[in-house]
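Trainee: Could you work out the structure for the sequence below:
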Amino acid sequence: MLVFGSCRELAMSMFLSRTRQVQTVARGFSLIEILVSMTILAVGILGILGGFSLGARVGARTQRIQEAAAIAERELKLASVSLPDGLQAATGSQGLYKWELKFINLREALVRATVEVGWHERGNPERFTMSQIILLPPQNTE
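Mentor: From the prediction side, this is the model:
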C-alpha cells in the first residue's frame with residue numbers, strides 16, 4: 001500500500017497515472033486498422049467505377065438503337081411515299097448499319113412494310129425491326 005506524505009504528492013500521482021492512460025488510448029491507428037479501411041475504400045471505389053462503365057455501355061447501346069430506329073423510320077416513310085409504284089424489296093447500308101426492306105401483302109389493299117436494321121456490337125450481331133401497315137390507294141380500272 002502506498003502512503004503519500006501530502007495531498008500534493010497524491011494529486012501528482014493521480015495526474016501522472018491519468019496522463020499515462022490518456023497517452024495509451026490516444027496512440028493512433030494500428031497498421032491493421034489502416035489496411036482494413038483502405039481495403040474497404042478500394043472495394044467501394046471499384047464498385048463505383050464499375051457502375052460508371054456499365055452506364056457508359058448502356059448509353060452507347062441506346063444511341064445505336066436510336067440511330068437504327070431513325071434509319072428504319074426513314075426507309076418506311078420512303079416506302080410509303082413510293083407506293084403503289086413498286087413493292088420491291090430493297091437493301092442498303094449507312095455507316096455501320098445494314099438495312100433490308102420487305103413487303104408482305106396482307107389483303108387486297110393492305111401491305112405490311114418491314115425494315116430490319118442490323119449492326120455488330122462488341123462482336124455480337126444486333127438488329128432492330130420496325131413494321132408499318134400501309135393502305136394502298138384504290139386502283140383505277142378504266
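Trainee: going forward, measure contacts between C-alpha atoms and count neighbours the same way
Mentor: Noted.
Trainee: can you pull out the helices in this protein?
Mentor: 7-25, 31-82 (DSSP state H).
Trainee: do you know which of those lies nearest Ile133?
Mentor: Closest approach to Ile133 among the helices of the chain is made by helix 31-82 (9.3 Å; CA to CA).
Trainee: Give the other helices and strands that that closest one contacts.
Mentor: strand 97-105, strand 110-121, strand 124-135 (3 or more CA pairs under 8 Å, 6 or more residues apart in numbering; DSSP states H and E).
Trainee: Mind checking the ones you listed for the one nearest to Leu35?
Mentor: strand 110-121 (40.8 Å).
Trainee: Check which helices and strands the closest one sits against.
Mentor: For strand 110-121, the packing partners by 3+ CA pairs under 8 Å, 6+ apart come out as helix 31-82, strand 97-105, strand 124-135.
Trainee: for the ones you listed, which one ends up most surrounded?
Mentor: Using mean count of other CA atoms under 10 Å, the stretch among these with the greatest mean number of neighbours is strand 97-105 (a mean of 17).
Trainee: which residues make contact with it from outside it?
Mentor: Residues from elsewhere that reach strand 97-105 (CA atoms under 8 Å, 6 or more residues apart in numbering): 68, 72, 75, 87-93, 111-119.
Trainee: any idea how far the residue nearest to Leu135 when sequence neighbours are not counted lies from Tyr97?
Mentor: Spatially, and ignoring its direct neighbours in sequence, Leu135 is nearest to Leu110 (4.8 Å; CA to CA, 6 or more residues apart in numbering). To Tyr97, Leu110 is 28 Å away according to CA to CA, to the nearest Å.
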